[in-house]
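K.L.:
Predicted model and sequence below, questions to follow.
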Amino acid sequence: MKTETMKRHILKICYFAMGLPLLVNSSAIAQTTKLTLDFTKTGAKVSPMLYGLMTEEINHSYDGGLYAELIRNRIFKDNATTPEGWSLVQKDTTSKASIKLIAADPDKVPYDERRLSINGALTTCLRLTVTKDGSSAGIANEGYWGIPVKPGTTYKASFYLKGAGRTQPQRRPGGPQNFAPPVPVHVIENNTAGPITVTIESNDGKTIYASGTVNLEKSNFWKKYELTLTTAADVKPTTDARFVISTDRTGLYYFNLVSLFPPTYNNRPNGNRIDLTKMMIDMKPKFLRFPGGNFLEGPDIADAFPWKSTLGLIENRPGHKGSWGYRPTDGMGLLEFLMWCEETGAEPLLAVYAGYSLNGDHVDAGPLLKPYVDDALDEIEYVMGDVNTYWGAKRAADGHPAPFKLTYVEIGNEDWFDRSNSYDGRFKQFRTAIDSKYPQLTCISTIADKQNPDMKITGQKPAVMDEHYYRSSWDMWENASQYDKYDRDGTKIFVGEWATREGAPTTNLNAALGDAAWMTGMERNADLIIMSCYAPLFVNVNTATTTAPKAWQWDSDLIGYNAMTSYGSPSYYVQKVFSEYLGDQVVPMTGENIPTQLKPLSKRDSVSGKKQTSVPTVFYAATKDEKTGAIYLKVVNALGKVQPVTINLKGITNLSKNAILVVIKGTKPLDTNTITEPEKIVPVTSKIKGIAAVFSQKLAPYSVNVYKLQAEK
Ligand code: AHR
């Protein structure tokens, strides 16, 4: 990653991380806390798209994450000088073989190997040279921190393989007289046609979990070989495994685009991991914001998300630089994002590149920006154009004739980092073009006037503005009522990234308490907050090994996984429960005698003479479902002791005595879930009785409580 880009990342992290907690001082609880749900007043309509998901390629979210490909560095471009993720395997010390990365660089490779590109995307390959028969030599891939071996599972393997031919000077196009220059030639006999062995095996090579063969043809051309590998039903699950393609015969063997897929969700080719997809479906997301985040912007203008080269066959996807220090394959391309939406029931929320990148460069509004605006219009057409449009027809050719529903297009990402103030002009140019071609779409501004008061969009106010908050739990508790104070001037807020950043790689209970408090604030104001999504969604939790770096770049994420399994953080369960138990109308609520605690001062606050503030310890919101009569009450206890509350349902007469209570709680703020202890903190659902217009509850220490009450119809 470029130094400038790193600085930008660090700057962002510092920006969000100020004011970390030091000490807790809780005040005495004087009188019982009373929460009143006022059914005599009509509350605002809840935005039907309140809760969604945000995603980008960070923390190996796709490669080594949701995108089910198991081979790391499948087109050998991750590192220009070494075949990262790959190694040579051979029978023993008597074997004679080697591997070498061959980039189609005319200055560096023998004449013959200049012609090893398969196409403009697959320009680098791996050469296996075997100089002694019986060497059992091959190439091995370590996967993304291991290859997951699961019982009774069929994996789809494929790869391009080319045996070497005798080197001949080649005719150049242009005439028979035009022979290639007599460069040093690399004379190797043709490989013998015959079996090539493909295995998933233990890293020490002693256990073969699944194997198959393909027959190498006696040909001088690239050919794609495909086969399936199936593990036995009684195999013990492990990630201590590698993928190997080997031979016993001498020769030169060139490999490219080596791929191994386990079963995917809905068996979609080039599809997604099943466990992670199910976890998202359980969250009932209403939209998916993609492709970023920083991933949209790219480290520099040339490496912004290149949606056009993410389309079609994976053979045509070269991948690109990425924004988080590793090279995305772009196997998760634009159409795959859209099909992910389809699979999870979410509407796409498309963020288009707006001419500003992480190194701080921007493209000035005006003629220079026009190609970027046109590119965004093409992208929108690919998403929602019918098959008679140019890009709609491309989408159909890629296998999805039906257009996707699209309502919101976000112009850029976090353009408040662009201190040149160029966003005003850039936003206007994008909005004008999009409005005129797609008047039904709403453009979202990444500059929001409350969060960035010094950076206005002039002229017509954006209909929706994106605010981002990465905070400590103290800051979440202190600001949980921030939206109660916002004007209702018609502009809506999209909280496009937010999280309580405590715990790594996934968040802990304290973060979940911060999240839940914050979400009660968004729910009370669910007319103003039309959409919200937590970030980051995914993290591969592997730490560094001798051959692979630590998998994640950002602490405090929602869903963790390794190659084998996955788990939800306490924050994940808060999101899931909040989304599941949500009505369509806000119930106005008030709280009395809410206990508070003193928020510790950070060093910086103390130095600047700032006074300590009192922050609430109980947070609440309620919504009701007009059709079913269900009432959803959410109450958070941020303190480590039981807090009694009286709940008063004002103006309701027809209440069922029975209710459902879902509680997420723990014993310590640092309690968390992990790969090895995935369910330490999960929602526990129980039935409760004795519900009346006024009823009492004891909120468990460190708990998020969701009540489903029922007004009889
Ligand atoms: O969510 C991680 C990063 O935080 C996003 O990429 C960026 O938009 C924000 O700064």
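P.N.:
Noted; the coordinates are in hand.

K.L.:
make it CA atoms for all contacts and neighbour counts henceforth
P.N.:
Will do.

K.L.:
Near the ligand, which residues of the stretch 401-550 of the chain are found?
P.N.:
Glu414, Ala535, Pro536 (C-alpha under 6 Å from any ligand atom).

K.L.:
pLDDT wise, what is Leu6 at?
P.N.:
Just to correct that, residue 6 is Met rather than Leu. pLDDT, Met6: 45.

K.L.:
Likewise for Ser602?
P.N.:
88.

K.L.:
what about it, neighbour count?
P.N.:
Look at Ser602: counted by other C-alpha atoms under 10 Å, it has 17 neighbours.

K.L.:
picking up where we left off before, dump the residues of the stretch 401-550 of the chain next to the ligand to TSV, plus distance to Trp518 and pLDDT.
P.N.:
TSV is the format used below for those (distance: C-alpha to C-alpha, whole Å; pLDDT from 0 to 100):
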residue	distance to Trp518	pLDDT
Glu414	21	98
Ala535	14	98
Pro536	16	98
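
K.L.:
where exactly do the helices run in this structure?
P.N.:
Using DSSP state H, the helices of the chain run over 3-17, 274-282, 294-297, 334-344, 370-384, 390-397, 423-437, 473-479, 509-524, 570-580, 603-607.

K.L.:
Lys657 touches Ile691, doesn't it?
P.N.:
Yes. Lys657 lies in contact with Ile691 (C-alpha atoms under 8 Å); the separation is 4.4 Å.

K.L.:
ok, back up a step: can you check which of the helices of the chain gets nearest to Val214?
P.N.:
Among those, helix 274-282 comes nearest to Val214, with 28.2 Å by C-alpha to C-alpha.

K.L.:
follow-up on the earlier one: mean pLDDT lowest where, among the helices of the chain?
P.N.:
helix 3-17 (a mean of 44).

K.L.:
where does this protein come near the ligand, residue by residue?
P.N.:
The chain comes close to the ligand at residues Lys12, Gly292, Gly293, Asn294, Glu414, Ala535, Pro536, as judged by C-alpha under 6 Å from any ligand atom.

K.L.:
burial of the closest residue to the fourth one other than its chain neighbours, as a residue count?
P.N.:
This points to Asn294. Excluding its sequence neighbours, the residue lying closest to Asn294 (C-alpha to C-alpha, 6 or more residues apart in numbering) is Ser323, at 6.2 Å. Number of residues near Ser323 (other C-alpha under 10 Å) recorded here: 30.

K.L.:
and the helices of the chain as JSON lines, adding mean neighbour count?
P.N.:
Output for the helices of the chain, formatted as JSON lines (neighbours: other C-alpha atoms under 10 Å):
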{"stretch": "helix 3-17", "mean neighbour count": "15"}
{"stretch": "helix 274-282", "mean neighbour count": "17"}
{"stretch": "helix 294-297", "mean neighbour count": "26"}
{"stretch": "helix 334-344", "mean neighbour count": "20"}
{"stretch": "helix 370-384", "mean neighbour count": "20"}
{"stretch": "helix 390-397", "mean neighbour count": "19"}
{"stretch": "helix 423-437", "mean neighbour count": "19"}
{"stretch": "helix 473-479", "mean neighbour count": "23"}
{"stretch": "helix 509-524", "mean neighbour count": "28"}
{"stretch": "helix 570-580", "mean neighbour count": "23"}
{"stretch": "helix 603-607", "mean neighbour count": "12"}
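
K.L.:
okay if I get those helices as JSON lines plus distance to Asn359?
P.N.:
Converted to JSON lines, the helices of the chain look like this (distance: least, C-alpha to C-alpha, whole Å):
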{"stretch": "helix 3-17", "distance to Asn359": "5"}
{"stretch": "helix 274-282", "distance to Asn359": "32"}
{"stretch": "helix 294-297", "distance to Asn359": "9"}
{"stretch": "helix 334-344", "distance to Asn359": "24"}
{"stretch": "helix 370-384", "distance to Asn359": "18"}
{"stretch": "helix 390-397", "distance to Asn359": "31"}
{"stretch": "helix 423-437", "distance to Asn359": "15"}
{"stretch": "helix 473-479", "distance to Asn359": "29"}
{"stretch": "helix 509-524", "distance to Asn359": "31"}
{"stretch": "helix 570-580", "distance to Asn359": "32"}
{"stretch": "helix 603-607", "distance to Asn359": "28"}
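
K.L.:
out of these, which comes closest to Thr667?
P.N.:
Nearest to Thr667, of the helices of the chain and by C-alpha to C-alpha, is helix 509-524 at 8.9 Å.

K.L.:
Who are the packing partners of that closest one?
P.N.:
Packed against helix 509-524 by the contact rule (3 or more C-alpha pairs under 8 Å, 6 or more residues apart in numbering; DSSP states H and E) you find helix 473-479, strand 492-500, helix 570-580, strand 618-624, strand 630-637, strand 703-710.

K.L.:
With distance to Thr676 as extra columns, can I get these in JSON lines?
P.N.:
As requested, the helices and strands packed on helix 509-524 are exported to JSON lines (distance: least, C-alpha to C-alpha, whole Å):
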{"stretch": "helix 473-479", "distance to Thr676": "25"}
{"stretch": "strand 492-500", "distance to Thr676": "23"}
{"stretch": "helix 570-580", "distance to Thr676": "15"}
{"stretch": "strand 618-624", "distance to Thr676": "32"}
{"stretch": "strand 630-637", "distance to Thr676": "27"}
{"stretch": "strand 703-710", "distance to Thr676": "23"}
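
K.L.:
That concludes my questions; thank you for your assistance.
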